[in-house]
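Visitor: The sequence and its predicted three-dimensional model are supplied below.
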Amino acid sequence: MPNGGRPLNFVRSVPARGSRNVSPAIRTITLFFDKNVVNDAVWINNRNQIRMFRGSTRVAIRVTRIRDTVDFSQRRKIFVHPVNRLRANTRYTIVIGRNLRSKAGETLGQTVRVSFTTGPTGIIPTE
């Protein structure tokens with residue numbers, strides 16, 4: 001770990017791991033970390049560390065951040081946007097690669113998986 005600091009940690013997601021009946025119309029999945037993961041120095045690496053799958057099929061996504069914010073809590077969020085509407089009653093998994101890096105240089109150090117299941121069509125998104 002650089003500078004003897006604490007490791008980078010995944011904190012939570014919205015929707016939460018294991019969620020069921022997530023609206024298939026959801027447009028954003030938010031990933032929360034305990035350190036700055038959106039700084040320009042690490043952003044290109046970090047956005048390429050995130051993948052989304054439906055079973056073993058890769059799902060097209062856009063990975064975004066809020067840039068140049070003074071609000072530190074926003075520097076700890078990565079946003080995943082499925083390019084196409086999700087399928088109803090389907091399990092999805094977001095895979096965060098172990099080389100996701102904080103601004104200070106700490107890595108996640110392990111692959112993190114966040115799975116959730118969509119519900120039937122017609123559920124209103126709660127994002």
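Guide: Yep, it's here. Numbering: from 1, shown residues only.
Visitor: in what helix or strand does the residue nearest the centre of the chain lie?
Guide: Here the mean C-alpha position of the chain is nearest to the C-alpha of Leu31 (C-alpha atoms, centre = their mean), at a distance of 3.7 Å. Remark: Leu31 resides in strand 29-33, with elements defined by DSSP states H and E.
Visitor: Check which strands are paired with that strand and give the direction for each one.
Guide: Strand pairing for strand 29-33, using DSSP bridges, gives strand 10-14 (antiparallel), strand 77-82 (antiparallel).
Visitor: Nearest residue to Asn39 in space, please, no chain neighbours.
Guide: The spatially closest residue to Asn39, leaving aside those adjacent along the chain, is Lys103, at 3.9 Å (C-beta to C-beta, 6 or more residues apart in numbering). In this view, the C-beta of every residue, glycine as well, is placed from N, C-alpha and C.
Visitor: ok, that neighbour touching Trp43?
Guide: No. Because the distance of 9.6 Å does not satisfy C-beta atoms under 8 Å, Lys103 is recorded as not touching Trp43.
Visitor: Just the pLDDT for Gln74.
Guide: With respect to pLDDT, Gln74 has a value of 85.
Visitor: er, Gly4 actually
Guide: Gly4 is assigned a predicted lDDT (pLDDT) of 53.
Visitor: swap in Arg17?
Guide: As predicted, Arg17 sits at a pLDDT of 97.
Visitor: Repeat that for Leu86.
Guide: Reported pLDDT at Leu86 in the predicted model: 96.
Visitor: What segments of this structure are strands?
Guide: Secondary structure of the chain (DSSP state E): strands located at 10-14, 29-33, 50-54, 57-59, 61-64, 77-82, 91-96, 112-117.
Visitor: Can you say which of those strands is nearest to Val22?
Guide: strand 112-117 (5.0 Å; C-beta to C-beta).
Visitor: Measure how that closest one sits relative to strand 10-14, angle-wise.
Guide: Relative orientation of strand 112-117 versus strand 10-14 (axes from the mean of the first three to the mean of the last three C-alpha atoms, to 10 degrees): 20 degrees.
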